[in-house]
Structure formats: C-alpha cells, structure tokens
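Asks: sequence unknown, structure follows:
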C-alpha cells in the first residue's frame, strides 16, 4: 500500500520569524498577487531539499497568494510531483471556478486536483470563506473537471484514514494540534499504510518551525524505505 503526501503551501514567506510572519499575513490579506520579494517561498525550498534525498512523491497545493514560481512548476513536473490549488473562496461554484481559472492562467498549467484551505473553524484571511462544505465541492468538481480527493477531517482511528469510494474524508496531520489525542502516533499511521493507502498532510512552514514535525516526517520516510511502502500522488 502507499502514503499519499499532501503538501499544503499556505504562507508566501513562511512564519518562522516575526518579520516573515507579518509579511505573509499582509500579502495574504491585502496583496495576494504582489510582486515576489526576497525570501519568497524560501521555507518551501528548504523543505524540498528533503525530497532530493529520497524517493518521496507529493501533491503540492498552492494558494493564489503563494503561486509557485516557474522554476518550482518545472521542479514538480521533472520530479514526478503534482501541482494543485488550495482554494479559499468557496462561497459558490462560480467563486471556486474563478479561483481555478486565475490560478491556471498565472501558473500556465492545467491543474487536476484541488483542496480546501481551512477546516471551518476560523476565517484565515480576507479572501478566505471559512465554512467547510465538502459535499458541495464533490458536486462542483464534476463540472470543473478536477479532483477533490480528500477532505480536512482528523482521523480518530485507523479506519478513519481509509478511503470510501476513492475519497479520503480524513487525513493524518503532522501537526500535533490537529491530531486526535487517542490516535496521534506515527507508528499507528505506518501500520495503517501497510494495510491500505493513507493521506499524510504537512505544511512546509510547520516543517521549518516545529521539531516534532521534522522528526515524524523523517521517521515516515525512513520506515517507508525499510518496509517498501510506496509514495503515490493524490
């Protein structure tokens, strides 16, 4: 079976210093398509160095405020990764379509997959529509001709991680705050991946900021090598 790695790229400048955190928030809320400044997506590039040392494959979901540069688009294609949209304005079918159209126009790539930014609890930016309504998205993507392969649910047991008719309602988050207190060990995740495909979610800014995220991700990569667990795209 396999790990399906979902990389949600959420901060244009990261948040591992106070200046970067403030800059990211200003860009997110007021100037999502602002010209790129020094340090743009540096945290993502640091994260990608891990991929250069392994055989990990991933789907990278970018927002409009942190569009991948053309060298990143080429990197994803050359290394067998997948690019998708982490959409924010989910008020209606039309707003999601407009976001996809804008993204594809700017990155010059036809995307095949989208994921939702936020899980319905907080409004995370000026352009973010906080309600989380996956049943609507499942209908909309049929017309949009893209995939919506997984939701943002928090798994509370191994069965929660498995897909139902090809859709993964829950994922295993690599941030502690999004793990169920009774289902939070990487060892259990690895056991699940030996049985069936599972989705692992990581944020590059968290990889830079949080030691346990780095350690847990390294453990997953190492165990995958030892046990022969594949990495597949969403």
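Replies: Received it, and whenever you're ready, just let me know what you need. Here the structure is a predicted model, which means the values were calculated and not measured.
Asks: for the chain, longest helix please?
Replies: The longest helix of the chain (DSSP state H) is helix 211-227.
Asks: tell me which residues of that one are tucked away?
Replies: For helix 211-227, burial by neighbour count (16 or more other CB atoms under 10 Å) applies to 213-214, 216-217, 220-221, 223-224. Quick note: C-beta positions are derived from backbone N, CA and C, even for glycine.
Asks: Could you do stretch 5-17 as well?
Replies: Neighbour-count burial for stretch 5-17 flags 5-16 (criterion: 16+ other CB under 10 Å).
Asks: Would you mind giving the buried residues of helix 211-227 as CSV with distance to residue 194 and pLDDT added?
Replies: Formatted as CSV, those follow (distance: CB to CB, whole Å; pLDDT from 0 to 100):
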residue, distance to residue 194, pLDDT
213, 22, 95
214, 23, 94
216, 17, 96
217, 18, 96
220, 12, 96
221, 15, 95
223, 9, 95
224, 10, 95
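Asks: This protein: helices as residue ranges?
Replies: 18-30, 42-52, 70-78, 93-107, 134-144, 158-161, 186-195, 204-209, 211-227.
Asks: Would you point to the one among the ones you listed that's packed deepest?
Replies: helix 204-209 (a mean of 22; mean count of other CB atoms under 10 Å).
Asks: now residue 92: how far from residue 193?
Replies: 36 Å (CB to CB, to the nearest Å).
Asks: now do residue 44
Replies: Using CB to CB, one obtains 24 Å as the distance from residue 44 to residue 193.
Asks: Over to residue 129?
Replies: Remark: distance between residue 129 and residue 193 (CB to CB) = 33 Å.
Asks: Kindly report the same for residue 167.
Replies: Residue 167 sits 18 Å away from residue 193, taking CB to CB as the criterion.
Asks: now stretch 33-52, how far from the chain's geometric center?
Replies: For stretch 33-52, the distance between its averaged C-alpha position and the chain's averaged C-alpha position is 15 Å (CA atoms, centre = their mean, to the nearest Å).
Asks: outside of it, which residues touch it?
Replies: 7, 9, 11-14, 16, 20, 23, 27, 56, 58, 64-69, 72, 75, 79, 81, 106, 204-205, 207-208, 217-218, 221 (CB atoms under 8 Å, 6 or more residues apart in numbering).
Asks: what does stretch 137-152 give?
Replies: Taking CB under 8 Å, 6+ apart as the criterion, the residues outside stretch 137-152 that touch it are 4, 6, 90, 93, 96-97, 100, 111-116, 118-119, 132, 134, 166-171, 199, 234.
Asks: ok so, going back, next step: the buried residues of stretch 5-17 restricted to strands.
Replies: Among the buried residues of stretch 5-17, the members falling in strands are 5-9 (criterion: DSSP state E).
Asks: what mean pLDDT does stretch 27-45 have?
Replies: Taken as a whole, stretch 27-45 has an average pLDDT of 90.
Asks: for it, how far is the first residue from the last?
Replies: End-to-end distance of stretch 27-45: 19 Å, with CA to CA, to the nearest Å as the criterion.
Asks: cool, and stretch 22-41?
Replies: Criterion CA to CA; first-to-last residue distance in stretch 22-41 is 14 Å.
Asks: Can you give the distance from it to the centre of its chain?
Replies: Averaged over its C-alpha atoms, stretch 22-41 has a centre that lies 19 Å from its chain's centre (CA atoms, centre = their mean).
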